[in-house]
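Engineer: This is the structure alone, sequence omitted:
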């Protein structure tokens, strides 16, 4: 059953509109970790805290460089590596082929290379050719780039009923909304606004994580509504500029989330 956030009427599962007052109903789904019903756009499960937006990382497979996969030619002259063939380690391969046809091996120092044979490349030249080009330098964003500008955006709440603007403290990772007198003092005190009696002393929290803001109801008496849809207790909603936040029922204490 889906309970209407406006009139508390019990609607059948799968309903998208209240049968009694025709209020749009929140779309529910199940947490993949514990199976608890949560709102479809929730970021975290209110029962087990499971991150509903996590993505599976794809492992990166390293590709061997061309220098490791391309062995040096077997006929390179003057290499420092030991020769694994049956020829003596210090004798030129061309000399071995010529000496195999003669009954008496000639002196190695007196045999010169055939004039038509091209001069083999040295090991240093081959290693230079096999080396991969160095990767291009990674550009460093300038101090006035758009990415830096996004990190410096100031979040604020615009009170709809009085048109008063409240800046969200940027040095706090968790900002408490409520009224004085509770176990946790509020960072944003709404007791001075009209109809603040519908707001609990410990009502809701706004969290900043990596430049992204989330709001969650922490067990208020009259609930927290995002764009006229009730936010289940423990569920986090990712705030976007222009979101309408109502603390309590009947839209009496309402704020617009802003980024500037």
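Structural biologist: Sure, I can see it. Values in this document were obtained by computation on a predicted structure and should not be read as measured data.

Engineer: Tell me where the stretch 101-250 of the chain has helices.
Structural biologist: In the stretch 101-250 of the chain, the helices defined using DSSP state H, counting those that start in this stretch lie at 123-130, 146-151.

Engineer: Tell me where the model's unsure across the stretch 101-250 of the chain.
Structural biologist: By pLDDT under 70, the weakly predicted segments of the stretch 101-250 of the chain are 101-136, 138-152.

Engineer: any chance you could map the strands in it?
Structural biologist: Secondary structure of the stretch 101-250 of the chain by DSSP state E, counting those that start in this stretch: the strands cover 155-159, 165-167, 174-178, 188-189, 202-209, 212-217, 224-226, 229-230, 236-238, 244-247.

Engineer: Ok, which of these comes nearest residue 35?
Structural biologist: Nearest of the strands of the stretch 101-250 of the chain to residue 35, taken as CB to CB: strand 236-238 at 18.6 Å. The way it works is simple: take the backbone N, C-alpha and C, and place the C-beta from them, glycine included.

Engineer: Any figure for the gap between residue 205 and residue 215?
Structural biologist: 7 Å (CB to CB, to the nearest Å).

Engineer: typed the wrong thing, it's residue 252
Structural biologist: 18 Å.

Engineer: before we move on, what about residue 18?
Structural biologist: Distance of residue 18 to residue 215, given as CB to CB: 24 Å.

Engineer: Check residue 246 too.
Structural biologist: In terms of CB to CB, residue 246 sits 11 Å off from residue 215.

Engineer: Give me the common contacts of the two.
Structural biologist: 224, 226 (CB atoms under 8 Å, 6 or more residues apart in numbering).

Engineer: Let me have the strands of the stretch 101-250 of the chain in JSON lines, extended by distance to residue 260 and mean neighbour count.
Structural biologist: Converted to JSON lines, the strands of the stretch 101-250 of the chain look like this (distance: least, CB to CB, whole Å; neighbours: other CB atoms under 10 Å):
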{"stretch": "strand 155-159", "distance to residue 260": "7", "mean neighbour count": "17"}
{"stretch": "strand 165-167", "distance to residue 260": "9", "mean neighbour count": "13"}
{"stretch": "strand 174-178", "distance to residue 260": "17", "mean neighbour count": "21"}
{"stretch": "strand 188-189", "distance to residue 260": "17", "mean neighbour count": "16"}
{"stretch": "strand 202-209", "distance to residue 260": "15", "mean neighbour count": "20"}
{"stretch": "strand 212-217", "distance to residue 260": "13", "mean neighbour count": "19"}
{"stretch": "strand 224-226", "distance to residue 260": "20", "mean neighbour count": "22"}
{"stretch": "strand 229-230", "distance to residue 260": "25", "mean neighbour count": "20"}
{"stretch": "strand 236-238", "distance to residue 260": "18", "mean neighbour count": "21"}
{"stretch": "strand 244-247", "distance to residue 260": "17", "mean neighbour count": "22"}
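
Engineer: Thanks a lot, catch you later.
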